[in-house]
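A.B. asks: 3D, please:
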Amino acid sequence: MITLNQTTFLSNSSTLSGVSSLQRKVCSVSIVATLSSSNNKNRADNKVRVLMENTMKEIKEGVSALDFDSNTTVAGGVRDFYGEDRATEDQLVTPWTFSVASGYTLLRDPHHNKGLAFNQNERDAHYLRGLLPPTVATQALQEKKMMHNLRQYQVPLQKYMAMMDLQERNERLFYKLLIDHVEELLPVVYTPTVGEACQKYGSIFMRPQGLYISLKEKGKILEVLKNWPEKNIQVIVVTDGERILGLGDLGCQGMGIPVGKLSLYTALGGVRPSSCLPITIDVGTNNEKLLNDEFYIGLRQKRATGKEYAELLHEFMCAVKQNYGEKILVQFEDFANHNAFDLLARYSTSHLVFNDDIQGTASVVLSGLVASLKLVGGTLADHTFLFLGAGEAGTGIAELIALEISKQTKVPAEETRKGIWLVDSKGLIVQSRVESLQHFKKPWAHEHEPVTTLLDAVKAIKPTVLIGTSGVGKTFTKDVVETMASFNEKPVILALSNPTSQAECTAEEAYTWTKGRAIYASGSPFDPVEYDGNIFVPGQANNAYIFPGFGLGLIMSGTIRVHDDLLLAASEALAGQVTQENYDKGLIYPPFKNIRKISAKIAANVAAKAYDLGLATRLPRPENLESFAESCMYSPDYRMYR
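C.D. replies: The predicted model follows:
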């Protein structure tokens with residue numbers, strides 16, 4: 001959209017600050033093309049053709065169309081191609097288009113809109129006069145106003161919708177709120193509220209926040225990826241919606257999960273929003289309620305399986321690597337067990353892939369267990385673990401515990417697994433059931449007589465740690481918890497299923513039934529509990545502690561593969577952030593208010609291990625990885641525009 005007259009536009013195009021010579025030539029192509037309708041058409045067409053030929057020649061000779069100054073980085077970190085830290089510099093949108101936006105357009109661009117924070121000079125320079133009320137408001141005042149408005153809502157879903165609306169209007173203010181009020185707003189933009197948002201996504205859908213790749217796009221996925229406007233993508237979070245939290249198959253409406261996860265990548269881990277891409281793979285849904293819902297936004301068919309499903313996912317993974325390169329991080333989210341393990345196994349040797357349900361959950365839980373040793377004593381090898389749930393989360397956590405014990409004791413993981421027991425829907429996983437077990441459960445089939453109920457398993461195994469990953473609420477009954485307390489002075493009880501309604505037991509139940517002796521943490525937040533005159537603050541084993549910092553560590557080091565030792569490094573870094581003050585309150589996780597500092601330490605530890613293993617490609621290695629991590633983090637503060 002050209003808003004300047006021809007003379008002014010041409011004179012400005014020749015004096016663009018911070019734009020390479022090639023960019024100016026590219027701009028002139030568009031300018032001449034724009035003016036061809038008012039000048040001699042043949043003469044203009046010839047000029048366009050000559051300019052395009054010369055420019056293409058330079059590109060073929062190796063001159064990049066994004067030829068920014070090599071010093072234009074964030075303290076040596078990820079290049080800021082999209083101007084989030086250089087908003088005053090002119091930006092090249094596509095190789096053949098250079099547009100001058102009007103103020104009206106600027107106010108509708110969430111990446112650069114500041115609302116009333118535009119000062120008087122900016123209003124003059126960017127054609128905003130009359131489009132805004134005369135008051136100039138600081139970002140701090142806008143933040144105060146938004147928090148006041150959010151707190152007026154009584155329904156969590158209303159707060160979620162208000163935050164999503166803000167993200168679509170003013171991206172920096174959205175992240176400013178989320179960073180400064182993380183403990184209050186994390187449950188709004190993620191668990192537990194995001195679960196309800198996914199259930200009702202068809203009704204509240206307003207505009208796309210990511211890419212939808214359905215069976216209709218088979219054979220065209222690379223073209224679909226190219227439709228996304230940002231090109232410097234570093235993190236993709238993808239789901240097929242089959243197992244959203246503990247809510248089951250939500251099909252296309254699972255998009256709320258990738259959107260929410262990537263918001264946390266930016267707010268908690270400092271990964272630039274322009275480098276994040278949420279994707280939903282839509283292969284149908286087996287949820288009859290959704291198929292019959294007139295507002296459902298996905299394919300109205302049963303889920304594709306087998307070869308059809310595998311071919312679509314393989315095309316997707318190949319297209320992602322082809323379009324974004326070797327170092328693109330693909331995070332699998334909320335896939336059903338039978339697909340999650342297969343996808344991770346298939347692509348972990350050829351792509352930079354990470355499954356948060358398997359690996360992220362495992363890392364954050366291991367961290368809590370390591371920290372809990374300060375309260376219960378002993379080493380990990382001294383404890384016996386019993387899981388309710390043998391799916392992605394349960395087996396992932398169990399395996400990482402076994403690996404950590406193996407690392408500490410120098411005993412093979414095959415042996416360390418013997419202190420870890422799992423219960424699934426058919427009872428305790430034992431050797432006599434091995435022929436009927438799914439492949440990922442077989443390593444946990446130990447010698448023991450069959451046991452059908454959790455209560456009987458607790459009595460037989462006498463675990464010191466009870467972990468719930470079943471996705472089924474209220475399964476840690478009073479009898480189960482009291483039995484745990486009968487032979488443990490401080491039983492460790494982790495009720496990890498999300499959202500809150502699916503937790504195996506509440507914080508109040510755990511503290512009450514153990515007479516205040518439990519070391520408790522949950523997947524979703526619970527309020528502090530008063531028991532016998534004491535206040536107990538429940539911990540939250542939230543994956544948000546791990547994956548943002550973990551992802552930042554991979555990105556800033558240019559890591560090309562995820563290794564189990566990187567997960568152990570993340571766990572150790574998180575456990576090291578729990579202070580004595582936290583322990584005194586019975587906490588095994590640090591407070592979320594310090595999450596950016598925590599993420600920087602996790603990123604540094606992960607990057608250090610990646611360099612040690614020879615997996616990092618960003619060289620030379622920074623001297624101080626923690627300072628480097630902090631320097632790479634996105635800041636939501638407003639920029640001044642010239």
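A.B. asks: isn't Tyr309 right up against His338?
C.D. replies: No. Tyr309 is beyond contact range of His338, at 10.2 Å (criterion: CB atoms under 8 Å). Where you see a C-beta, it was placed from the backbone N, CA and C, and this is true even at glycine.
A.B. asks: mind listing the helices for the stretch 501-642 of the chain?
C.D. replies: 507-513, 547-557, 564-575, 580-584, 595-613, 625-632 (DSSP state H, counting those that start in this stretch).
A.B. asks: any idea how far the spatially most central residue of the chain is from Thr239?
C.D. replies: For the chain, the residue nearest the mean C-alpha position is Lys261 (3.1 Å; CA atoms, centre = their mean). Lys261 is 9 Å from Thr239, where distance means CB to CB, to the nearest Å.
A.B. asks: mean neighbour count, the helices of the stretch 501-642 of the chain: which tops it?
C.D. replies: helix 547-557 (a mean of 30; mean count of other CB atoms under 10 Å).
A.B. asks: what helices or strands is it leaning on?
C.D. replies: Helix 547-557 is packed against helix 256-269, strand 329-332, strand 352-355, helix 564-575, helix 595-613, helix 625-632, with contacts defined by 3 or more CB pairs under 8 Å, 6 or more residues apart in numbering; DSSP states H and E.
A.B. asks: what's the closest non-adjacent residue to Lys407?
C.D. replies: Leu568 (6.8 Å; CB to CB, 6 or more residues apart in numbering).
A.B. asks: how many neighbours does Thr384 have?
C.D. replies: 14 (other CB atoms under 10 Å).
A.B. asks: distance check, the residue lying closest to it once chain neighbours are set aside against Thr483.
C.D. replies: The shortest distance from Thr384 to any non-neighbouring residue, by CB to CB, 6+ apart, is to Pro463 (4.7 Å). Counting by CB to CB, the gap from Pro463 to Thr483 is 10 Å.
A.B. asks: about what we covered before: give me the common contacts of Lys261 and Thr239.
C.D. replies: Common contact partners of Lys261 and Thr239 (CB atoms under 8 Å, 6 or more residues apart in numbering): Glu333.
A.B. asks: before we move on, the earlier item: in TSV: the helices and strands packed on helix 547-557, plus distance to Val155 and mean pLDDT.
C.D. replies: Converted to TSV, the helices and strands packed on helix 547-557 look like this (distance: least, CB to CB, whole Å; pLDDT from 0 to 100):
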stretch	distance to Val155	mean pLDDT
helix 256-269	16	96
strand 329-332	30	98
strand 352-355	32	97
helix 564-575	33	96
helix 595-613	26	97
helix 625-632	37	96
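A.B. asks: need those in CSV with distance to Val235, can you?
C.D. replies: As requested, the helices and strands packed on helix 547-557 are exported to CSV (distance: least, CB to CB, whole Å):
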stretch, distance to Val235
helix 256-269, 6
strand 329-332, 5
strand 352-355, 10
helix 564-575, 15
helix 595-613, 13
helix 625-632, 13
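A.B. asks: which one of those lies nearest to Asn323?
C.D. replies: Asn323 sits nearest to strand 329-332 of all the helices and strands packed on helix 547-557, at 11.8 Å, using CB to CB.
A.B. asks: immediately after that closest one, which helix or strand?
C.D. replies: helix 337-347 (DSSP states H and E).
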